[in-house]
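>>> next comes the sequence, and after it the predicted model I'd like to discuss.
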Amino acid sequence: MSKTRKNYPASFKSKVALAALREEAPISELALKYGVHATVIHRWKKEAVASMEAGFSGKLAVQKNDHATEVKELHAKIGQLSVERDFLVDASNRLGLGGGRKW
């Protein structure tokens with residue numbers, strides 16, 4: 001018997017976390033109402049508070065800049081590896097080693 005994890009959309013998570021932050025009802029009642037375990041609601045609540053802190057402190061903008069820089073570096077690395085792969089395939093074909101493309 002295999003158990004699969006439930007994937008909840010972000011809109012549902014935010015609705016439940018907001019209800020927990022507002023303390024509309026005890027967590028146990030919210031768990032029954034939304035059909036989610038209380039531990040999950042506590043985790044979503046902590047994540048919501050952490051993301052709000054990051055948004056107000058300006059850390060969110062720094063994270064976006066870091067992400068953009070990292071993506072740029074990874075694209076450069078992909079280009080470099082593609083050129084190296086093509087060079088090695090051509091070299092092996094010239095040497096008769098049968099390094100034909102398999103991808």
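The structure has been received and is ready for your questions. Because the structure is predicted, anything quoted here is derived from the model rather than measured. Numbering: from 1, shown residues only.
>>> so how far is Leu74 from the residue nearest in space to the middle of the chain?
By Cα atoms, centre = their mean, the chain has its centre lying nearest to His67, at 11.8 Å. Remark: distance between His67 and Leu74 (Cβ to Cβ, to the nearest Å) = 11 Å. From N, CA and C alone the C-beta is placed, and that goes for glycine too.
>>> outside of stretch 23-43, which residues touch it?
8, 12, 16-17, 19-20 (Cβ atoms under 8 Å, 6 or more residues apart in numbering).
>>> got the buried residues for the lengthiest helix in the chain?
Criterion DSSP state H: the longest helix present in the chain is helix 59-94. Neighbour-count burial for helix 59-94, counted by 16 or more other Cβ atoms under 10 Å, picks out Val89.
>>> and it, what does it pack against?
Judged by 3 or more Cβ pairs under 8 Å, 6 or more residues apart in numbering; DSSP states H and E, helix 59-94 is in contact with helix 38-57.
>>> can you give me the angle the helix it packs on makes with helix 59-94?
100 degrees (axes from the mean of the first three to the mean of the last three Cα atoms, to 10 degrees).
>>> okay, buried residues for helix 38-57 please.
41, 44-45, 48.
>>> any idea how far it is from the middle of the chain?
16 Å (Cα atoms, centre = their mean, to the nearest Å).
>>> what's the average pLDDT for it?
The average pLDDT within helix 38-57 is 88.
>>> dump it to CSV, keeping only the CA atoms.
Only the C-alpha atoms of helix 38-57 are listed here, as CSV (Å, rounded to 0.1, in the frame of the first residue of the first chain):
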residue,chain,number,x,y,z
ALA,A,38,-2.8,20.3,12.8
THR,A,39,0.9,20.0,12.4
VAL,A,40,0.7,21.0,8.7
ILE,A,41,-1.3,24.1,9.7
HIS,A,42,1.3,25.1,12.3
ARG,A,43,4.0,24.7,9.6
TRP,A,44,2.1,26.8,7.1
LYS,A,45,1.5,29.4,9.8
LYS,A,46,5.3,29.6,10.6
GLU,A,47,6.1,29.8,6.8
ALA,A,48,3.6,32.7,6.4
VAL,A,49,5.1,34.6,9.3
ALA,A,50,8.6,34.0,8.0
SER,A,51,7.7,35.2,4.5
MET,A,52,6.0,38.3,5.9
GLU,A,53,9.2,39.1,7.9
ALA,A,54,11.3,38.7,4.8
GLY,A,55,9.0,41.0,2.8
PHE,A,56,9.0,43.8,5.4
SER,A,57,12.7,43.6,6.0
